[in-house]
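Colleague: below is the structure, and that's it, no one-letter string:
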């Protein structure tokens, strides 16, 4: 499946509804609710079995997903502020709560549950500027350099925090 070409048009989300999905441990979609399909523009058949990166917007810094995967692979839940790409090229910003799903017998991670909701315009403006800076660092240097910048950015705000709380902390500061 070819990725859509991004267009500069935002999808306005209903603040009372959640976009919900579940994936296996590798990030392939195993469940999506109706609102996910409605907002993303993809059908259930187009989503189930596909990598969740199907909705990844090119404006998203790789370091965000690096930290996200490191955190959830270690068995920790995480919150993240993410810009997604709909099938028609429009975008939508979401605050996502990622939760680990475990096998009840073995405790092994079997997948992830994510519930997403809308974000205030003020937070989007701040996070968008930060993400642009991180993308620039990734392009001109490396993902590791972007990670260092992000950690220092948060320390300047007065907190020395774990990666699992990075996005929640950004949301809290603003």
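Modeller: Here it is on my side, so go on. Given the structure is predicted, the values throughout are model-derived calculations rather than measurements.
Colleague: residue 7 in helix, strand or coil?
Modeller: coil (DSSP: H, G, I helix; E, B strand; the rest coil).
Colleague: isn't it up against residue 87?
Modeller: No: using Cβ atoms under 8 Å, residue 7 is not in contact with residue 87, being 11.6 Å away. C-beta: built from backbone N, CA, C; applies to glycine.
Colleague: looking at the two now, which is surrounded by more residues?
Modeller: Neighbours were counted for residue 7 and for residue 87 using other Cβ atoms under 10 Å; residue 87 has more, 18 against 12.
Colleague: OK, contacts around that one?
Modeller: Residue 87 makes contact with 4, 40, 41, 42, 46 under the criterion Cβ atoms under 8 Å, 6 or more residues apart in numbering.
Colleague: which intervals of the protein have sub-threshold pLDDT?
Modeller: 1, 158-174 (pLDDT under 70).
Colleague: other SSEs contacting the helix ranked longest in it?
Modeller: Longest helix of the chain, by residue count under DSSP state H: helix 121-140. On a contact count with 3 or more Cβ pairs under 8 Å, 6 or more residues apart in numbering; DSSP states H and E, helix 121-140 meets helix 62-73, strand 78-85, helix 143-156, helix 166-173.
Colleague: how close does residue 9 get to residue 25?
Modeller: 34 Å (Cβ to Cβ, to the nearest Å).
Colleague: cool, and residue 83?
Modeller: Distance, residue 83 to residue 25, by Cβ to Cβ: 24 Å.
Colleague: more neighbours, these two?
Modeller: residue 83 (22 against 14).
Colleague: test my guess that the more buried one contacts residue 95.
Modeller: No: contact criterion Cβ under 8 Å: residue 83 and residue 95 do not qualify, at 11.4 Å.
Colleague: counting neighbours, what do you get for the residue lying closest to residue 135 once chain neighbours are set aside?
Modeller: Sequence neighbours aside, residue 61 is the residue nearest to residue 135 in space, at 5.1 Å (criterion: Cβ to Cβ, 6 or more residues apart in numbering). For residue 61, the tally of surrounding residues (other Cβ under 10 Å) stands at 23.
Colleague: returning to what we had before: out of the contacts of residue 87, which is nearest to residue 118?
Modeller: residue 40 (14.6 Å; Cβ to Cβ).
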